[in-house]
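> Sequence first, then the predicted structure, then my questions.
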Amino acid sequence: MALYDPRRLMRSGRLLVWPLIAFAVALVFSLKDGGGPSWLGDDTTDLQTVVLVTDPACNPHLTFCNAAGDGSAALALRLDRDIRPLHPFSVAVRVRGLAADAIERVRVRFAMSGMDMGPNLYALARQSDGTWTGRVTLPVCSTGRVDWLAEASVVAGGMEYRAQFPFNTE
Ligand SMILES: [Cu+2]
């Protein structure tokens, strides 16, 4: 009659060890994955960024506004005519000075200066004529502001080309 049997305790203790090791390994891997910025979806940290300059007088409603820098790479962005919050509209981006097959990705993020308006990040799709397009729906601004920024990003050959296009909603 042995309520306390050291051999039995050791056997059951050994059985406990493997789940504990598996748990520790899983914990280490989850910490490793969660520690880096990739967890937040920011996959552009290893890219060299080139900021292209926009003509501030250009209004991108129904017109391609250009952005260029020192190099040959340039991009242009166009929006629909009347843009209202919660109403889908189209955005188009044209890229110049970069080989078409070198372009990995074109995205546009819609933001307000000094105000968090949510992610509003759109991946554009390449069209047969070489432009990149997408459908966008903007949220309502809680303070009634209408001044937005369309931030275009083109990734090609390890570089990210960025340009900001200001516009107003209706
Ligand atoms: Cu706002």
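All right, it came through fine. Numbering: from 1, shown residues only.
> who's Glu77 bridged to?
No, residue 77 isn't Glu; it's Leu. Cys65, Val93 (DSSP bridges).
> Relative to Ala125, how far out is it?
From Leu77 across to Ala125, the span is 15 Å (CB to CB, to the nearest Å). For glycine as for every other residue, the C-beta is placed from the backbone atoms N, C-alpha and C.
> Check Arg94 too.
With CB to CB as the criterion, Arg94 and Ala125 are 14 Å apart.
> Please identify which of these two sits among more neighbours.
The neighbour comparison of Arg94 against Ala125 (other CB atoms under 10 Å) goes to Arg94, with 16 against 11.
> what does this protein put close to the ion?
Met112, Met115, Cys141, Arg145 (CB under 5 Å from the ion).
> Let's see that with 6 Å instead.
Met112, Met115, Met117, Cys141, Thr143, Arg145 (CB under 6 Å from the ion).
> Return a selection command, for use in ChimeraX, containing the buried ones of the residues you listed.
The following ChimeraX line selects those of those that are buried, judged by 16 or more other CB atoms under 10 Å:
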select :112,117
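> any low-confidence regions in the chain?
Segments of the chain classed as low confidence (criterion: pLDDT under 70) are 1-45.
> In it, which residue sits nearest the ion?
With CB to the ion, the shortest gap between the chain and the ion falls at Cys141, namely 3.3 Å.
> check contacts around the residue nearest to the spatial centre of the chain.
The centre of the chain sits closest to Leu121, judged by CA atoms, centre = their mean, with a distance of 5.6 Å. With contact set as CB atoms under 8 Å, 6 or more residues apart in numbering, Leu121 has these partners: Arg107, Val108, Arg109.
> any idea how this structure splits into domains?
For the chain, the structural domains run 6-35, 48-168, going by automatic domain parsing.
> winner for burial among these?
Neighbour counts (mean count of other CB atoms under 10 Å) averaged over each of the domains of the chain peak at domain 48-168, with a mean of 16.
> How about Arg84: what's its closest non-neighbour residue?
Leaving out its chain neighbours, the residue that sits closest to Arg84 by CB to CB, 6 or more residues apart in numbering is Glu170, at 4.8 Å.
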